[in-house]
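[1] fold the following and give me the result.
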Amino acid sequence: MIINNSKTDPNKILPMNYLWARQHYKDGVSNNWTPEEVSMQKDVEQWKSEKTLTDEERKLILYNLGFFSTAESLTANNIVLAVYNQVTNPECRQYLLRQAYEEAIHTDTFIYCCDTLGLDPEEIYNMYKTIPSIKEKDDFVVEFTKSVFDPTFTTNGIDNIRKFVHDLIGYYVIMEGIFFYAGFAMMLALKRQNKMVGIGEQFEYIMRDESLHLSFGCDLINTIRQENPDIWTEEFRNEIITLIKEAVVLEKQYSNDACPSGVLGINAEQFCNYVEHIADRRLERIGLPKQYDTENPFPWMSQSVDLNKEKNFFETRVTEYKTGGNLDWD
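    Below you'll find the predicted structure:
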């Protein structure tokens, strides 16, 4: 059992029972990167220029830096302070430690971006309080911590296991699997126009990490529900579908707020359609039916997270991504 197994010694990683967890860990190691590896010189020039970026594009960039800068810390705290305590399987814990490290890298990335561009950290790091569409998303996800952050909470019993899975879905499927992706699409749309390419590359790397986080989270959720089938009632399934549909509404509000006029060749409606498309993918990944049947308006997003991407040796450091061909990125 992946939880509530009193026979498991969390200090003894061999023999392994969940090889998928080990594989996610190895994939994460293969994707290793740091923000300082990405040149930001052109970004600085474009940010200082009054001609390169429109006011709408500047707003889009600030909103995404504002959302992600605190969302990454929120996710890391959830892993370290809540999930790690309940998932005692050693190979899963090894991956959770790897994920926590990656969340620290992502947090460092936004420090790096703010410092490099000379942004006001008070403005950026308070957007989760001052921008309603960001605050509503963060507040929505924080609701998922009420159970697992209770120091007396355990996963003993069907009701508590169900609460734990509910919160895992909130963080892995909704936060990392839905709330992050409209922002990814916005920043990569700018990168496709050769604008703020350094930040765009940082977001590509973050999205590759988050795709692995999502894959691990779904495997964890699916394993718990397979080992505890009594939790997966029709009522609970409907509750999860309702939560994901509520999350889609919030992410659409954010998309329209951050990018009301769109960027060159892409409008806010397409970002909203993309949110519906990925929500269906997330539902299917945890064994629930699609709700939208919306086509992917951004097929290029899959190309942006191709882990076999190579770079010109004379332009930048060669970074080889060894894995990911078997994963489903968008």
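[2] L74 reaches D139, doesn't it?
    No: using C-beta atoms under 8 Å, L74 is not in contact with D139, being 10.8 Å away. Where you see a C-beta, it was placed from the backbone N, CA and C, and this is true even at glycine.
[3] compare these two and say which is more crowded by neighbours.
    The neighbour comparison of L74 against D139 (other C-beta atoms under 10 Å) goes to L74, with 16 against 11.
[4] for that one, what are its contacts?
    Neighbouring residues of L74 by C-beta atoms under 8 Å, 6 or more residues apart in numbering: D138, V141, V142, M175.
[5] what's the closest of these to T34?
    Taking C-beta to C-beta as the measure, M175 is the one of the contacts of L74 closest to T34, at 23.3 Å.
[6] so how many other residues sit close to that closest one?
    25.
[7] equivalent analysis for S39, please.
    S39 has 15 neighbours, counted by other C-beta under 10 Å.
[8] circling back to that earlier point, biggest separation within the contacts of L74, which pair?
    Pairwise distances among the contacts of L74 were taken by C-beta to C-beta; the largest, 10.0 Å, belongs to V142 and M175.
[9] distance of Q86 relative to T242?
    Distance of Q86 to T242, given as C-beta to C-beta, to the nearest Å: 24 Å.
[10] which of those two has more neighbours?
    Taking other C-beta under 10 Å, Q86 and T242 do not tie; Q86 has more neighbours (19 against 11).
[11] residue contacts, the closest residue to that one other than its chain neighbours?
    In this structure, Q86 finds its nearest non-sequential neighbour in T155, 5.2 Å apart by C-beta to C-beta, 6 or more residues apart in numbering. By C-beta under 8 Å, 6+ apart, T155 lies in contact with I3, N4, Q86, I161, F164.
[12] show the average pLDDT along stretch 17-30.
    Stretch 17-30 comes out with an average pLDDT of 96.
[13] can I get it in CSV, CA atoms only?
    Listed next in CSV are the C-alpha coordinates belonging to stretch 17-30 (Å, rounded to 0.1, in the frame of the first residue of the first chain):
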residue,chain,number,x,y,z
ASN,A,17,7.2,-1.5,-5.2
TYR,A,18,6.2,1.5,-7.4
LEU,A,19,8.7,1.7,-10.2
TRP,A,20,6.8,4.5,-11.9
ALA,A,21,7.9,6.8,-8.9
ARG,A,22,11.5,5.8,-9.4
GLN,A,23,11.2,6.6,-13.1
HIS,A,24,9.7,10.0,-12.5
TYR,A,25,12.6,10.7,-10.2
LYS,A,26,15.2,9.7,-12.8
ASP,A,27,13.3,11.8,-15.5
GLY,A,28,13.5,14.8,-13.2
VAL,A,29,17.2,14.4,-12.7
SER,A,30,17.7,14.2,-16.4
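[14] list the contacts of the one helix or strand N85 maps to.
    For N85, the host element (DSSP states H and E) is helix 84-86. Under the criterion C-beta under 8 Å, 6+ apart, residues I3, R93, L96, L97, A100, V148, F153, T154, T155, F164 lie in contact with helix 84-86.
[15] apply the buried test to those residues and list what passes.
    Using 16 or more other C-beta atoms under 10 Å as the burial test, those include I3, R93, L96, A100, V148, F153, T155, F164 as buried.
[16] could you dump these into TSV with pLDDT added?
    TSV is the format used below for the buried ones among the contacts of helix 84-86 (pLDDT from 0 to 100):
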residue	pLDDT
I3	86
R93	95
L96	97
A100	96
V148	72
F153	90
T155	93
F164	95
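[17] go through the top helix by length along the chain and flag the buried ones.
    Counting residues, the longest helix in the chain under DSSP state H turns out to be helix 197-227. Applying a neighbour-count criterion of 16+ other C-beta under 10 Å, one finds 197-221, 223-225 buried in helix 197-227.
[18] what packs against that helix?
    Counting contacts by 3 or more C-beta pairs under 8 Å, 6 or more residues apart in numbering; DSSP states H and E, helix 197-227 is packed against helix 19-30, helix 41-48, helix 55-78, helix 90-117, helix 158-168, helix 180-192, helix 268-285.
[19] the longest one vs helix 197-227, what angle?
    With axes from the mean of the first three to the mean of the last three C-alpha atoms, to 10 degrees as the criterion, the two stretches helix 90-117 and helix 197-227 enclose an angle of 160 degrees.
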